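1. starting from these lines, generate the structure:
(3 chains)
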Amino acid sequence: MIRRALVLVLLAVLGALFAALWLGFTPAEELGLTGRYYAEHTAPDLGAANLVTAIIVTYRGLDTLGEVTVLFLSAAIVGLVLAGGRPAARRKPPVPAGELLATGSRLLVPLILLLGAYVIVNGHLTPGGGFQGGAILASGTLLLLLAEPLKRFSHGLITRIESLSGATFVALGLLGLVFAGGFLDNRLLPVGTLGELFSAGLMPVISVLIGLKVGAEFSSMLASLSETEDS
Amino acid sequence: MSSLGMDLASNLTSGLALLLGLAMVLAALVAILVRSTPIAILSAGLVSLFASVLFLILAAPDVAMTEAAIGSGLTTFLFFFVLARVRGGESEASDDD
Amino acid sequence: MPEVAHIALATGFALVLIGFYGALTQRNLLRIIVAFTLATTGVNVVIVAIGHMSGRTAPILDAAVPAAEAVSRVIDPLPQALVLTAIVIGVGITALMLAYAYRLFETRGTLDIARLTELKW
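-> Okay, the predicted model is just below:
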């Protein structure tokens, strides 16, 4: 098998490269220049306790906008690729979910959505933020999809949530350009005291928007893939 | 904390990381080598779950949360949705080799 | 006992190698996508491991880590923000690959790449 031998040679070269990198690696003792700036300036300037969320939402807010756009595109392409589906005649009616799952999901889905909202809103204080909370919201949708396969998933509602939060995101960024220091500057609202829920200016608001957008995009991906057979 | 206590704590963390790393590599090998596709998908989800614990040890709670919710939760379900569709019409076993 | 960062770095490299091996040798498209997610996880572990510094805490300020001491107490937040982004984009890519694989299965009735020979040379 000449192909397998080639693969093994390639992996051996890559492995040697990795081994050299590993042997030459010493963990840093001091923060780098960028890391030092973020550690020094996040709390006094932006009033956020979670540096990672501060980077994602404010310092690199434009990149995050690009990222949710990429995610939106990929959700849209998944929907587009799968929309052509098989002809209606071959589709079977879906099997309804069991009693246990249906009843359990009625109890669990509100709790999951509450946890998602908590994680999103506290993103600037504790570990969490828009992406994590959005994924938790989407897992609530996933449970609904599993528990009630007979119900049609409302793509219209999801699209509306998605585009509304996206438009608000851009609008708030532009407002920051006019009334504060730059695009997506969070000092559009008062920064407040470090550690309180209503602090860090615009950061919780943008987290909520990112969370809604990411949750809607993941939900639409999951729904597109789960509907291929049973709708 | 005394220096002895510090040493013990750091040794414990290192040991835990070593254990997790070994478990991840093992689960990844299972995911590549096993014949049945569902088990491969579950093993890949297990690798993600272990990775999220490793991120926690590496003092990255944000990343750990994301990995646990997205990498091991949503991705596994995406795979299973597709696997369920593909199973119905698959006439030939395609992973013999 | 080696440091945590070294262990995590080795694990990440091993995962990348295993993922590449799987992606290059498997014949079932679904299995190739599984191998790609393994390699992605490996790369993420590598990046976070490079940002780790022993004896420091997570980049979150609270009563234990006051803002004034942040520079000497927290680890670098930048690799973590990068990896957070990478994980989210990764699931988008995985969903895209799965959608294309499903479409391919619908039109051709197989996921075995040895049977998809139009582009073979």
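2. do you know how far A:Ala43 is from A:Phe18?
-> Separation of A:Ala43 from A:Phe18 (Cβ to Cβ, to the nearest Å) stands at 37 Å. For the C-beta atoms, the positions are set from N, CA and C on the backbone; glycine is no exception.
3. same check on A:Gly128?
-> In terms of Cβ to Cβ, A:Gly128 sits 33 Å off from A:Phe18.
4. next up, the contacts around the spatially most central residue of chain A.
-> With distances taken as Cα atoms, centre = their mean, the residue of chain A nearest its centroid is A:Phe131 (3.0 Å). Contacts for A:Phe131 (Cβ atoms under 8 Å, 6 or more residues apart in numbering or on different chains) come out as A:Ile56, A:Ile210, A:Gly211, A:Val214, B:Thr66, B:Ile70, C:Leu84, C:Val88.
5. and A:Gly128 and A:Phe18? Which one has more around it.
-> Counted by other Cβ atoms under 10 Å in any protein chain shown, A:Gly128 and A:Phe18 do not tie: A:Gly128 has more neighbours, with 27 against 18.
6. which SS class is that one?
-> coil (DSSP: H, G, I helix; E, B strand; the rest coil).
7. how many other residues sit next to the closest residue to it other than its chain neighbours?
-> With sequence-adjacent residues excluded and distances taken as Cβ to Cβ, 6 or more residues apart in numbering or on different chains, A:Gly128 is closest to A:Val119, at 3.9 Å. Neighbour count of A:Val119, defined by other Cβ under 10 Å: 25.
8. who are the packing partners of whatever helix or strand A:Val119 lives in?
-> Assigned by DSSP states H and E, A:Val119 belongs to helix A:99-121. If contacts are counted by 3 or more Cβ pairs under 8 Å, 6 or more residues apart in numbering or on different chains; DSSP states H and E, helix A:99-121 sits against helix A:130-147, helix A:203-230.
9. list the contacts of that helix.
-> Helix A:99-121 has contacts (Cβ under 8 Å, 6+ apart) with A:128-130, A:132-134, A:136-137, A:139-140, A:143-144, A:146-148, A:197, A:204, A:207-208, A:210-211, A:215, B:65.
10. mind checking how far it is from the chain centre?
-> In this view, helix A:99-121 has its centroid 18 Å away from the chain centroid, taken as Cα atoms, centre = their mean, to the nearest Å.
11. for it, buried residues please.
-> Residues of helix A:99-121 classed as buried: A:Ser105, A:Val109, A:Ile112, A:Leu113, A:Leu115, A:Gly116, A:Val119, A:Ile120, A:Val121 (neighbour count, 16 or more other Cβ atoms under 10 Å in any protein chain shown).
12. low-scoring stretches of chain C, by residue?
-> C:1, C:63, C:67, C:70, C:119-121 (pLDDT under 70).
13. so who does C:Val48 touch?
-> By Cβ under 8 Å, 6+ apart, C:Val48 lies in contact with B:Phe55, B:Leu58, B:Ala60, B:Val63, C:Ala8, C:Pro79, C:Gln80, C:Val83.
14. for the buried residues of helix A:99-121, which one is nearest A:Glu30?
-> Distance ranking of these against A:Glu30, using Cβ to Cβ, places A:Val119 first at 31.7 Å.
15. any regions of chain A where pLDDT drops low?
-> Residue ranges of chain A with pLDDT under 70: A:84-95, A:150-153, A:186, A:188, A:191-193, A:195-198, A:228-231.
16. could you export the one helix or strand A:Trp22 maps to as PDB, CA atoms only?
-> Applying DSSP H and E as the criterion places A:Trp22 in helix A:2-23. Extracted in PDB, the C-alpha atoms of helix A:2-23 (Å, rounded to 0.1, in the frame of the first residue of the first chain):
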ATOM      1  CA  ILE A   2       2.000   3.000  -1.300                       C
ATOM      2  CA  ARG A   3      -0.700   5.400  -0.200                       C
ATOM      3  CA  ARG A   4      -0.600   4.300   3.500                       C
ATOM      4  CA  ALA A   5       3.200   4.500   3.400                       C
ATOM      5  CA  LEU A   6       3.000   8.100   2.100                       C
ATOM      6  CA  VAL A   7       0.500   9.000   4.900                       C
ATOM      7  CA  LEU A   8       2.800   7.500   7.500                       C
ATOM      8  CA  VAL A   9       5.900   9.400   6.100                       C
ATOM      9  CA  LEU A  10       3.900  12.600   6.200                       C
ATOM     10  CA  LEU A  11       2.800  12.000   9.700                       C
ATOM     11  CA  ALA A  12       6.300  11.200  10.800                       C
ATOM     12  CA  VAL A  13       7.600  14.500   9.400                       C
ATOM     13  CA  LEU A  14       4.700  16.400  11.100                       C
ATOM     14  CA  GLY A  15       5.400  14.400  14.300                       C
ATOM     15  CA  ALA A  16       9.100  15.400  14.200                       C
ATOM     16  CA  LEU A  17       8.200  19.000  13.800                       C
ATOM     17  CA  PHE A  18       5.800  18.800  16.700                       C
ATOM     18  CA  ALA A  19       8.400  17.100  18.900                       C
ATOM     19  CA  ALA A  20      10.900  19.900  18.100                       C
ATOM     20  CA  LEU A  21       8.300  22.500  19.000                       C
ATOM     21  CA  TRP A  22       7.500  20.600  22.200                       C
ATOM     22  CA  LEU A  23      11.100  20.300  23.300                       C
END
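17. check which residues of it are buried.
-> Buried, per 16+ other Cβ under 10 Å, within helix A:2-23: A:Val7, A:Leu11, A:Gly15, A:Phe18.
18. where does the residue nearest the centre of chain B land in three-state SS?
-> Centroid check for chain B by Cα atoms, centre = their mean gives B:Val47 as the closest residue, at 1.1 Å. Here B:Val47 is recorded as helix under three-state DSSP.
19. okay, and the nearest residue to it once chain neighbours are set aside sits in which element?
-> Counting by Cβ to Cβ, 6+ apart, B:Ala27 is the residue found nearest to B:Val47 once chain neighbours are left out, at 4.8 Å. In this structure, B:Ala27 sits in helix B:3-33 according to DSSP H and E.
20. could you check that helix and say which residues are buried?
-> Going by neighbour count (16+ other Cβ under 10 Å), the buried part of helix B:3-33 is B:13-14, B:17-18, B:20-21, B:23-25, B:27-32.
21. what's A:Ala49 sitting at in phi/psi?
-> When read as degrees, to the nearest 10, the backbone of A:Ala49 gives phi -90, psi -30.
22. and it, what is it in contact with?
-> Counting by Cβ under 8 Å, 6+ apart, A:Ala49 touches A:Ala43, A:His124, A:Leu125, A:Thr126, A:Leu194, A:Gly195, C:Ile60, C:Leu61, C:Asp62.
23. find the nearest non-adjacent residue to it, please.
-> Nearest to A:Ala49 is C:Leu61, by Cβ to Cβ, 6+ apart, at 4.4 Å.
24. tell me the phi and psi of the one you found?
-> Note on C:Leu61: backbone dihedrals following degrees, to the nearest 10 are phi -90, psi 140.
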